[in-house]
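The sequence isn't on hand, but the structure is:
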């Protein structure tokens, strides 16, 4: 009666602790320890009906189901009977006046509101703005709905296009091997594992008037106008074992500053203790002067500069395990894998929103907060993320970008994305379902002319060659994946000549 993926687990023991026979059915919601299916949050009727059928299939009493899904007992009986019969979970056709906005028209309104812009290639609609535009030109969707109607249609589809948030798109072709290395490190950490990063350019702002606490609002009023007193850089180390931090406040984070701060932190430990550091890919973190410092602190000989002339060779040497100090690098656009970023977020909320008249005032507050953190608040952070689902999400996001805005992509980002997908096809193909790969292959086929035009319009010969090579390699990887099947092979891809 119900598909396997909708079945619930066996009922939990009753609250009284009494044993329940396999064939028994709970008689009340109070005796059943199932969580409430319908919360205060609004859900759609199809979801409610599926829940009713799933609970009935799990042999839950009908009156209990009514309480769990928060509907009448007659409704529960109706949907259980329909599921037993024809298996229908949709409404029957009703008599009366036809809907003013049928489903097809509603989808056109949704497409207009969510997929078009009020300005040339920019801007977002508001309800009032969309109402006035459709009233002035009803031919756009074939109707001129009111703003309340537009709002109701968006709500019924649980759409909130006015909401947005920042995110870092994965652009590192080797993102997943690097992430796996860090996740394995966090699950089996060495004794001295530290997370390092800089928080650069912290503005020192002095409000023109002191804050006020009003009687009526009971909120703090902050003066809008301020005077700038320069900036300050915060360089911080977070200890994995206990969550304590060591910070340095400096005027800049140039190479010499970074090397001095790093030397000072490493010298806090005996010369025989191994030290592991996680940091990002800033150039000073991968330069030859840093290699010399790590060699000195590790009491090993640093290879000559000619031998470490490229960034990749320096990173490889710094990450070697056969010396006292080992550096682990986050992927590009993978700063969220560095735990010190969590602490910087806490520091920003606790310290940086205040008014400071000089760098010394801000420095004193930062150092005082670090001391209080280490004394009162420090705790080990727990890492539970293992990357599950991220591979498929990366493919789906790139697919959507190709379909909606391929012509607007920067060629260097497009090249990195194609390399990333090629690596996924090579090393992580099983992490992504075949259906997602089929959708991506179709999107690539549809946008092949656009991608070719972007490559041909590139003036830089090296960047153009890299894009051509990435495009050809991705196409070849797709062909190998779908062979011997030919259904999803993008045969008509117009590959540029290499």
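Here it is on my side, so go on. Just so it is clear, the model here is predicted, and its values are computed rather than measured. Residues are numbered from 1 along each chain as shown.

Next, work out how far apart the residue nearest in space to the middle of the chain and residue 115 are.
Among the residues of the chain, the one closest to the centroid is residue 167, at 5.9 Å (CA atoms, centre = their mean). Taken as CB to CB, to the nearest Å, the spacing of residue 167 relative to residue 115 amounts to 20 Å. Every residue, glycine included, has its C-beta placed from N, CA and C.

following the helix or strand hosting residue 79, which helix or strand comes up?
Element membership for residue 79, per DSSP states H and E: helix 73-84. Following helix 73-84 in sequence order, the next helix or strand is helix 103-115 (DSSP H and E).

so how far is that next one from its chain's centroid?
Offset of helix 103-115 from its chain centre (CA atoms, centre = their mean, to the nearest Å): 27 Å.

For that helix, name the packing helices and strands.
In terms of contacts (3 or more CB pairs under 8 Å, 6 or more residues apart in numbering; DSSP states H and E), helix 103-115 is packed against helix 127-136, helix 147-156.

in stretch 139-151, what counts as buried?
Within stretch 139-151, the residues scored as buried using 16 or more other CB atoms under 10 Å are 141, 143-145, 147, 149-150.

Redo those as CSV? Include pLDDT and distance to residue 248.
As requested, the buried residues of stretch 139-151 are exported to CSV (pLDDT from 0 to 100; distance: CB to CB, whole Å):
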residue, pLDDT, distance to residue 248
141, 90, 59
143, 90, 63
144, 92, 62
145, 92, 59
147, 91, 54
149, 93, 58
150, 93, 54
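
Find the pair from the residues you listed with maximum spatial separation.
Greatest spatial distance in the buried residues of stretch 139-151: 141 and 147, 14.0 Å, computed using CB to CB.

related to what we said a few turns ago, what mean pLDDT does the helix holding residue 79 get?
Mean per-residue pLDDT for helix 73-84: 89.

contacting residues around that helix?
The contact list for helix 73-84 (CB atoms under 8 Å, 6 or more residues apart in numbering) reads 1-2, 49, 52-53, 56, 62-63, 65-66, 69, 88-89.

Which two of those residues have the greatest separation?
63 and 88 (23.3 Å).

what's the average pLDDT for the helix or strand hosting residue 467?
For residue 467, the enclosing helix or strand under DSSP H and E is helix 461-482. Mean per-residue pLDDT for helix 461-482: 93.

Mind listing what's buried along it?
Per 16+ other CB under 10 Å, helix 461-482 contains these buried residues: 464, 466-468, 470-475, 477-479, 481-482.

Mind giving me the packing neighbours of that helix?
helix 411-427, helix 434-446, helix 448-456.

Helix 448-456 and the second one, what's the angle between them?
Translated: helix 434-446. Helix 434-446 runs at 60 degrees relative to helix 448-456, counting by axes from the mean of the first three to the mean of the last three CA atoms, to 10 degrees.

for helix 434-446, packing partners?
helix 390-405, helix 461-482.

of all the ones you listed, which lies closest to residue 262?
With CB to CB as the yardstick, what comes closest out of the helices and strands packed on helix 434-446 is helix 390-405 (30.9 Å).

From the chain's centroid, how far away is that closest one?
Counting by CA atoms, centre = their mean, helix 390-405 comes out at 13 Å from the chain centroid.

in it, what's buried?
Those would be 391-392, 394-395, 398-399, 401-402, for helix 390-405 by 16+ other CB under 10 Å.

Could you provide those in TSV, with additional columns for pLDDT and distance to residue 77?
TSV is the format used below for these (pLDDT from 0 to 100; distance: CB to CB, whole Å):
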residue	pLDDT	distance to residue 77
391	93	44
392	93	40
394	93	46
395	94	44
398	93	47
399	94	43
401	91	48
402	92	48
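
Among these, which one lies nearest to residue 233?
Residue 233 lies nearest to residue 394 out of the buried residues of helix 390-405, by CB to CB, at 32.5 Å.

Quick one: residues contacting that closest one.
If you count contacts by CB under 8 Å, 6+ apart, then residue 394 has 170, 175, 420-421, 424 around it.

Distance check, it against residue 441.
Taken as CB to CB, the span from residue 394 to residue 441 is 15 Å.

before we move on, what about residue 228?
52 Å.

When these two are compared, which one has more neighbours?
Between residue 228 and residue 441, counted using other CB atoms under 10 Å, residue 441 has the larger neighbour count: 21 against 9.

Isn't residue 269 up against residue 192?
Yes - Residue 269 is within contact range of residue 192, at 6.7 Å (criterion: CB atoms under 8 Å).

who's more crowded, those two?
Between residue 269 and residue 192, counted using other CB under 10 Å, residue 192 has the larger neighbour count: 16 against 13.

Name the nearest residue to that one, ignoring sequence neighbours.
residue 275 (5.0 Å; CB to CB, 6 or more residues apart in numbering).

So what's the residue count around that neighbour?
21.

Show me the beta-bridge partners of it.
Here residue 275 sits in beta bridges with residue 325, going by DSSP bridges.

Spit out the contact partners of it.
Applying CB under 8 Å, 6+ apart, the residues contacting residue 275 are 192, 194, 266, 269, 324-326.

per-residue confidence at it?
Residue 275 is given a pLDDT of 95.

Straight-line length of stretch 407-414, end to end?
With CA to CA, to the nearest Å as the measure, stretch 407-414 spans 10 Å from end to end.

in that stretch, what's buried?
Applying 16+ other CB under 10 Å to stretch 407-414 flags 409, 411, 414 as buried.

Can you name the residues in contact with stretch 422-433?
In contact with stretch 422-433 (CB under 8 Å, 6+ apart) are residues 173-174, 176-177, 391-392, 394-395, 437, 470, 473-474, 477-478, 480-481.

One more: stretch 401-416?
In contact with stretch 401-416 (CB under 8 Å, 6+ apart) are residues 115, 169, 171-173, 417, 440, 443-444, 446-447, 450-451, 453-455, 458, 463, 466-467, 470.

Generate a ChimeraX selection restricted to the buried entries among those residues.
Here is the ChimeraX command that picks out the buried ones among these, judged by 16+ other CB under 10 Å:
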select :171,172,173,417,440,443,444,447,450,451,454,455,458,466,467,470
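
In a markdown table: the buried residues of stretch 139-151, plus distance to residue 209.
Listed next are these as a markdown table, based on distance: CB to CB, whole Å:
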| residue | distance to residue 209 |
| --- | --- |
| 141 | 51 |
| 143 | 53 |
| 144 | 50 |
| 145 | 48 |
| 147 | 40 |
| 149 | 47 |
| 150 | 43 |
